[in-house]
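**Q** kindly generate the corresponding structure for this input.
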Amino acid sequence: MAESKNPFSMRIFIPSGDPGGLKVVEKTNWTGVGVVFPRPLLSEVRKRSELDHAGVYILWGPGGSADIPHAYVGEGDPVLPRIEKHAREKDFWMQGAVFISKDENLNKAFVQHIEARLISLAPSAKRCELDNSNAPQPPSLSEADVDDAEAFLGDMLMCLPLFGIHFFEPTTLHRAASPELYLQRKKVQARGVETPQGFVMRAGSTVVGENKETPSIPLGAKALRRKLIEIGVLEPVRAGFRFTQDYTFSSPSAASQVVLGASGRGLREWKDATGTTLKKLREKSEGAGS
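**A** Model (predicted):
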C-alpha cells in the first residue's frame with residue numbers, strides 16, 4: 001500500500017494528561033478513531049465506549065532476546081470481549097491499539113477484511129513476529145465495500161507509526177538524515193543510511209557467516225542475526241549472508257553488530273564515501289545548527 005504524499009493532520013487526545021497513558025487518535029477526513037493503551041490500564045480502557053463497537057485491534061510486546069516485536073491482530077464485534085479474553089490468555093503483549101468507526105459503519109465483514117489484510121501484510125514486511133496461528137481469508141464483499149475497507153485500512157496505517165507500530169509495511173527509504181554510509185571489513189560490503197525511523201540497512205548488503213561470529217558479539221545481536229535468517233531477511237551466500245530487502249535497525253551499532261558478528265560502535269564503523277565516520281558527520285550536522 002503506497003504511503004500518502006499529501007499533508008494531513010492528526011489529533012492525539014490524552015484523557016488523563018499522562019503522555020504514557022491512554023491515547024485517543026483521530027485524523028482529518030477520516031471516520032475512524034483509535035484507542036492506544038498500555039496493558040496495565042486495561043481497567044480504564046474497559047470504560048471506553050469505543051470498545052463496545054465492531055473494530056480491529058493490535059496487541060504487541062517485546063519479542064524475547066531478538067529485537068523484533070511480537071504482535072497479534074484480531075477483530076471483534078464488539079471488541080471488548082476479545083481484548084479481555086487475550087488479557088487472560090496471552091502474556092506477551094504490553095500495548096494495545098483498537099480502531100473503530102465513529103459513525104459505526106464498520107460491520108463484521110469490514111473488520112474481518114481489515115484483519116485479514118493486516119495479517120497478510122505482516123509476513124512480507126518482516127518487522128514483527130505474529131502470534132496469530134492462521135491467516136484468515138477476507139470475506140466476500142462488493143467492490144465498493146472493499147474500496148471503503150481499504151480506505152479505512154490506509155488511514156489506520158498512517159496512524160500506527162505515531163505509536164511506533166511499523167509492523168505492516170516494509171522498510172522504505174523516504175527521507176535520509178545522512179549520506180550513503182559504508183561498512184567494509186571482514187570481507188563484507190554493507191551499505192546503510194540514517195533516517196528519522198532508524199538506521200536502514202540497504203538490500204544487497206553482505207554479512208559475515210556464522211563461523212565468523214566472535215565471542216564479543218552481544219547476545220541480542222546474536223539472537224537478532226538468527227531471527228533475520230529465520231524470517232528470510234538474510235539469505236545464505238558463498239561468504240556469509242546477504243540482505244534480501246531494506247531493513248530498519250534501532251541504531252547504527254545494532255546494524256554493525258549484525259553485519260560483523262561482533263561487538264562494535266556503529267558511529268565509528270559506518271563511514272561515508274570519503275571515509276568520514278558517522279560520528280564526525282553527526283558532529284558536523286549538529287554543530288551547523290548551533
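**Q** CA atoms of the helix or strand that contains Ile83 as CSV?
**A** Element membership of Ile83 [criterion: DSSP states H and E] is helix 80-89. As requested, the backbone C-alpha atoms of helix 80-89 are provided in CSV (Å, rounded to 0.1, in the frame of the first residue of the first chain):
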residue,chain,number,x,y,z
LEU,A,80,-14.0,-5.5,24.3
PRO,A,81,-14.7,-9.2,25.0
ARG,A,82,-11.9,-10.2,22.6
ILE,A,83,-9.4,-7.9,24.4
GLU,A,84,-10.5,-9.3,27.8
LYS,A,85,-10.0,-12.8,26.5
HIS,A,86,-6.5,-12.1,25.4
ALA,A,87,-5.7,-10.4,28.7
ARG,A,88,-6.5,-13.8,30.3
GLU,A,89,-4.7,-16.0,27.8
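**Q** list the residues that contact Gly192.
**A** Remark: with contacts taken as C-beta atoms under 8 Å, 6 or more residues apart in numbering, Gly192 is in contact with 180-181, 183, 199-202, 205, 252, 255, 270. Every residue, glycine included, has its C-beta placed from N, CA and C.
**Q** CSV please, covering the residues you listed and showing distance to Leu281, secondary structure and pLDDT.
**A** Output for those, formatted as CSV (distance: C-beta to C-beta, whole Å; DSSP: H, G, I helix; E, B strand; the rest coil; pLDDT from 0 to 100):
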residue, distance to Leu281, secondary structure, pLDDT
Glu180, 11, coil, 94
Leu181, 8, strand, 96
Leu183, 14, strand, 95
Phe199, 13, strand, 93
Val200, 15, strand, 94
Met201, 17, strand, 95
Arg202, 17, coil, 95
Ser205, 19, coil, 97
Pro252, 11, helix, 95
Ala255, 15, helix, 95
Trp270, 9, coil, 96
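**Q** which of those sits closest to Asn29?
**A** Asn29 lies nearest to Val200 out of those, by C-beta to C-beta, at 30.3 Å.
**Q** just to revisit the earlier point, now do the helix holding Ile83: distance to the chain's middle.
**A** Averaging C-alpha coordinates over helix 80-89 and over its chain gives two centres that are 23 Å apart (C-alpha atoms, centre = their mean, to the nearest Å).
**Q** so what secondary structure elements neighbour that helix?
**A** Taking 3 or more C-beta pairs under 8 Å, 6 or more residues apart in numbering; DSSP states H and E as the contact definition, the neighbouring helices and strands of helix 80-89 are helix 42-45, strand 55-61, strand 70-76.
**Q** mind listing the strands for this structure?
**A** Remark: strands of the chain, listed N- to C-terminal, are 10-13, 23-27, 32-38, 55-61, 70-76, 95-101, 129-130, 181-185, 188-195, 198-201, 206-208, 234-237, 240-243, 247-249; assignment by DSSP state E.
**Q** any idea how the protein splits into domains?
**A** Here the domain assignment for the chain is 10-163, 181-288, based on automatic domain parsing.
**Q** which one, of those domains, ends up nearest to Pro170?
**A** domain 10-163 (4.8 Å).
**Q** ok, so what distance separates the most centrally placed residue in the chain from Arg39?
**A** If you average the C-alpha coordinates of the chain and look for the closest C-alpha using C-alpha atoms, centre = their mean, you land on His166, 2.3 Å from that point. The span separating His166 from Arg39 equals 20 Å under the rule C-beta to C-beta, to the nearest Å.
**Q** show residues contacting stretch 100-118.
**A** Taking C-beta under 8 Å, 6+ apart as the rule, stretch 100-118 contacts 26, 31-33, 35, 50-51, 53-56, 58, 73-77, 79, 135-141, 145-146, 148-150, 152-153, 156, 168.
**Q** list the buried residues of that stretch.
**A** When burial is assessed from 16 or more other C-beta atoms under 10 Å, stretch 100-118 yields the following buried residues: 100-101, 106, 109-118.
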